[in-house]
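# return a 3D structure for these sequence lines:
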Amino acid sequence: MADLGSFALLVAIAAACWAVVASLIGAIKHREDFVRSGEGALFATGLAIVVASGALLYALLTTDFRLQYVVDYTSKSLSVPYRIGAMWAGQGGSLLLWTLLTAALAVVVLVQNRRKHWGLAPYTVTTFGVLLVVFSALVAFVSSPFVKMTVTVADGQGLNPLLQDPLQIIHPLALYAGYILYTVPFVLTVSALIAGPKPGPWVKVAQRWGTFSWIFLTIGIVLGARWAYAELGWGGYWGWDPVENASLLPWLTGTAFLHTGLTHWKTGRIRRLGVVMALTTYLLSLFGTFLTRSGIISSVHAFGQSSLGPIMGGAILAIVIATGGIVAWRWTDLSAPRADGRGHGWVGQRALTILLTAITVAVLWGTLFPLLVRVLRGQQIAVTPGFFRLIVTPLAILILLVFAVSPLLPGQQSDNVKREAIVRGVMAVLVFAGVFALSGWHNPGIALVITIGVLGLYTVGRKLLLRTTTAWRETDSSGRLLAAIRASGPYVGHVGLIVMLAAVALNTSFQTMDRVTLKVGQHTTAAGQSVKLVSLSSQQLVDRQSFIANVGLLDSKGNVRATIITKEDVFTTNQNEPHAQVGILTGLKGDVYVVLESGDLSKNVATISVFRNPAVIWIWVGGALLALGGLLFALPRRRGAPKLPLDNIAPVDELAGV
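Down below sits the predicted model:
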């Protein structure tokens, strides 16, 4: 398998190089035969990468311990699903998976291009070819998963216990899909810039792929937050870890691209911004892969130290410079003589774009600053989560405020602005007073955030009702339901965003935590909960020893009303590494979250951390609605159905409910 995989990668590099050369010759010399030859080479590249990926997967499934990668990430006791997941658990395998998905996209786009005649074939093949050369070379020569062992071993080291979770099979794939699908808008935009920027079928295709990318990236981030919450034992869902931030950055610019992107091409509105967002989102995705795989950071999400960092960083920098050069070359051509810069909803549109950009810059700076200080001064510093919360929280609240007051902004089609102002003013006073009173006249900031969120929900809800009823009314009976469901998509997504942000605000403000040591049968109060250590035991499994604590939650009469099971696993196949299995009792108001810190069976004593996490379930509900909104909007539009905002010009006020 090692020889087959390595040879297939070399074939992929050679084929991708010819795809680039042949396509360029075909474009410059107007030689159809060279264009077709480049397309064939791109197909061959994809086939070779499939062979290499299959070789690695076969080695993992059969635990072929002749490969270093298999030894590092599998063991005989590891179940089949986690052997498959080991393919993206390490640096070489994850890069190979990235290359495989990029090659698959290249083939799909090439087939679409042939069928629909976009006129960009030579340039799309060239751009895809360059990307595949870069990633195939990184896998083949810098971080190969096909390196052979120099000694014979009987078993492997096994998979990191943190990664032995079903979400860690789905979450990375969703993130990868989110990252890599942005390759299509990037490639099509670059190809269009090289060919001479002009409207065409490629615009809608790029926007549609951008929508799918955003959906997968949203799902990946929410699942990752859930994994962190359930597996890392810190009682939180987002630690502002550099790798977490690396997924947030393209999501932010991808959201801006979704709202203000290439669909404005015909009118000239923010045409340049659409191009910049399409390109920047993919470049930030590459930046995320660099952070994860370069070894320049220490993180539970990141891979180990390696020589990949400088080489991969240099390759990405070259792509950034080349992309910037192409944009600068065509910058003048991207202008429009009579661009409609003050169309319907222009104030909300500008505000949304500015706020998303500001959050992106803040998160990027907070992520890069420690790295810059390390390189320039040789000092080790850390930017704490407090910095990100201090900067990002008010910007996120301002986004909610845009939703809340959008009908009052200039450029809106409101029948009676004065009436709208009065209604929202009365609602704001009533909601604020009610929430403030329920909190015992504490935390006016939280009352304000919830008030803004309620006003935002009111605005989005009205838009949702208007759009779905319009779609139902203007579509024939056979397609009404689909049209109404699709019309609801953007607004369902924004309901999810508002719910999620409000839940995060509540959770971070009212979370409580206590650490206590109890004997079996003893009870105490922790994090506002009456808790009792019901039992403490151990269990020997094939690959681990588990220490198990049953923690009871007591009612007012001292009876156990619920039991939470929390564990500490010590993995014998992973250098006796301990790993906490968190116990969580989920409720509509909040979660009770228990972590077994340590246990002594000889003394029947355990130390546990107890968290009271308000509103956590609404974070997951909001995230699900956010992704669902994207999925509903991505449904195909039936002929005769009324167009949604993104089908034409996409005023941000209509798409975003602002």
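# any chance you could map the helices in the stretch 201-350 of the chain?
Along the stretch 201-350 of the chain, counting by DSSP state H, counting those that start in this stretch, helices occupy 201-231, 242-260, 271-293, 308-330, 346-377.
# G440: which of those helices is closest?
Closest to G440 of those, according to C-beta to C-beta: helix 201-231, at 27.6 Å. Every residue, glycine included, has its C-beta placed from N, CA and C.
# pLDDT on the closest one, on average?
Averaged across helix 201-231, pLDDT comes to 89.
# do the same with stretch 96-114
Stretch 96-114 comes out at a mean pLDDT of 91.
# contacts for it?
12, 39, 42-43, 45-46, 49-50, 52-53, 56, 87-88, 118, 120-121, 124-125, 128-129, 131-132, 135-136, 139, 145, 176-177, 179-181, 183-184, 187-188, 205, 289 (C-beta atoms under 8 Å, 6 or more residues apart in numbering).
# dump the helices of the stretch 201-350 of the chain to CSV, plus distance to A484 and mean neighbour count.
CSV is the format used below for those (distance: least, C-beta to C-beta, whole Å; neighbours: other C-beta atoms under 10 Å):
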stretch, distance to A484, mean neighbour count
helix 201-231, 19, 22
helix 242-260, 21, 24
helix 271-293, 28, 23
helix 308-330, 40, 15
helix 346-377, 24, 17
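# these: which one's closest to P636?
That would be, of the helices of the stretch 201-350 of the chain and by C-beta to C-beta, helix 201-231, which comes in at 9.6 Å.
# quick one: the closest one to chain centroid distance?
Distance of helix 201-231 from the chain centroid (C-alpha atoms, centre = their mean, to the nearest Å) equals 6 Å.
# also stretch 401-419?
That offset, for stretch 401-419, works out to 32 Å (C-alpha atoms, centre = their mean).
# and stretch 464-478, by the same measure?
Taking mean C-alpha positions (C-alpha atoms, centre = their mean), stretch 464-478 and its chain are 32 Å apart.
# flag every buried residue along that stretch.
464, 467-468, 471-472, 475 (16 or more other C-beta atoms under 10 Å).
# relative to F510, which of these is nearest.
Using C-beta to C-beta, these come closest to F510 at L464, 29.4 Å.
# related to what we said a few turns ago, redo the helices of the stretch 201-350 of the chain as a markdown table? Include distance to Q522.
Formatted as a markdown table, those follow (distance: least, C-beta to C-beta, whole Å):
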| stretch | distance to Q522 |
| --- | --- |
| helix 201-231 | 27 |
| helix 242-260 | 38 |
| helix 271-293 | 44 |
| helix 308-330 | 51 |
| helix 346-377 | 43 |
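# among those helices, which is nearest I25?
Closest among the helices of the stretch 201-350 of the chain, using C-beta to C-beta: helix 308-330, at 19.0 Å.
# helix 271-293 and that closest one, what's the angle between them?
Angle of helix 308-330 versus helix 271-293, following axes from the mean of the first three to the mean of the last three C-alpha atoms, to 10 degrees, is 170 degrees.
# avg pLDDT for helix 308-330?
89.
# report all helices and strands that that helix contacts.
Applying 3 or more C-beta pairs under 8 Å, 6 or more residues apart in numbering; DSSP states H and E, we find helix 308-330 packed against helix 121-137, helix 183-195, helix 271-293.
# at 10 Å instead, please
On a contact count with 3 or more C-beta pairs under 10 Å, 6 or more residues apart in numbering; DSSP states H and E, helix 308-330 meets helix 91-116, helix 121-137, helix 183-195, helix 271-293.
# between these, which gets nearest to A19?
Here helix 121-137 is closest among the helices and strands packed on helix 308-330 (C-beta to C-beta), at 3.9 Å.
# got the angle between the closest one and helix 308-330?
In terms of direction (the same axes, to 10 degrees), helix 121-137 departs from helix 308-330 by 160 degrees.
# and whichever helix or strand comes after helix 121-137, what other elements does it pack with?
Beyond helix 121-137 on the C-terminal side, the first helix or strand identified by DSSP states H and E is helix 167-181. Secondary-structure packing of helix 167-181 (3+ C-beta pairs under 10 Å, 6+ apart): helix 80-85, helix 91-116, helix 201-231, helix 242-260, helix 271-293.
# can I get helix 167-181 in CSV, CA atoms only?
Output in CSV follows, covering the C-alpha atoms of helix 167-181 (Å, rounded to 0.1, in the frame of the first residue of the first chain):
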residue,chain,number,x,y,z
LEU,A,167,-19.0,13.8,16.5
GLN,A,168,-15.3,13.6,15.7
ILE,A,169,-16.1,11.5,12.7
ILE,A,170,-18.8,13.9,11.4
HIS,A,171,-17.5,17.3,12.6
PRO,A,172,-14.2,17.3,10.7
LEU,A,173,-15.8,16.2,7.5
ALA,A,174,-18.4,18.9,7.8
LEU,A,175,-15.7,21.5,8.4
TYR,A,176,-13.6,20.1,5.5
ALA,A,177,-16.6,20.3,3.2
GLY,A,178,-17.2,23.9,4.3
TYR,A,179,-13.6,24.9,3.7
ILE,A,180,-13.1,23.0,0.5
LEU,A,181,-16.5,23.8,-1.2
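# now the angle from it to helix 91-116?
Going by the same axes, to 10 degrees, helix 167-181 makes 50 degrees with helix 91-116.
# what about helix 167-181, average pLDDT?
87.
# in it, what's buried?
Buried-residue list, helix 167-181, by 16+ other C-beta under 10 Å: 167-168, 170-181.
# before we move on, what about stretch 36-46?
37-46.
# cool, and stretch 559-572?
560, 564-572.
# name the nearest of those relative to N160.
F571 (9.0 Å).
# pretty sure the closest one is touching L163, no?
No. Counting by C-beta atoms under 10 Å, F571 does not reach L163; the two are 11.5 Å apart.
# related to what we said a few turns ago, adding secondary structure, write the buried residues of stretch 559-572 out as TSV.
Listed next are the buried residues of stretch 559-572 as TSV, based on DSSP: H, G, I helix; E, B strand; the rest coil:
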residue	secondary structure
V560	strand
I564	strand
I565	strand
T566	strand
K567	strand
E568	strand
D569	strand
V570	strand
F571	strand
T572	coil
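# how deep is W331 tucked in, by neighbour count?
W331 has 13 neighbours, counted by other C-beta atoms under 10 Å.
# contacting residues for it?
193, 197, 272, 275 (C-beta atoms under 10 Å, 6 or more residues apart in numbering).
# okay if I get the buried residues of stretch 559-572 as TSV plus distance to D514 and pLDDT?
Shown next, in TSV, are those (distance: C-beta to C-beta, whole Å; pLDDT from 0 to 100):
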residue	distance to D514	pLDDT
V560	19	93
I564	15	95
I565	19	94
T566	15	93
K567	20	90
E568	18	86
D569	24	83
V570	25	82
F571	28	75
T572	32	71
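# closest to V70 among those?
Within those, proximity to V70 (C-beta to C-beta) peaks at F571, which comes in at 18.0 Å.
# ok, T62 to Y73 distance?
14 Å (C-beta to C-beta, to the nearest Å).
# nearest residue to Q68 other than its sequence neighbours?
Distances taken as C-beta to C-beta, 6 or more residues apart in numbering put V147 closest to Q68, at 4.6 Å, once the chain neighbours are dropped.
# where does the one you found land on pLDDT?
92.
# also the one 5 residues further on?
We have a pLDDT of 85 for T152.
# quick one: contacts for it?
65-66.
# look up how far D543 lies from it.
From T152 to D543 the distance is 21 Å (C-beta to C-beta).
# tell me the strands beside the helix or strand harbouring D591, with direction?
For D591, the host element (DSSP H and E) is strand 590-600. Neighbouring strands of strand 590-600 in its sheet, by DSSP bridges, are strand 583-586 (antiparallel), strand 605-614 (antiparallel).
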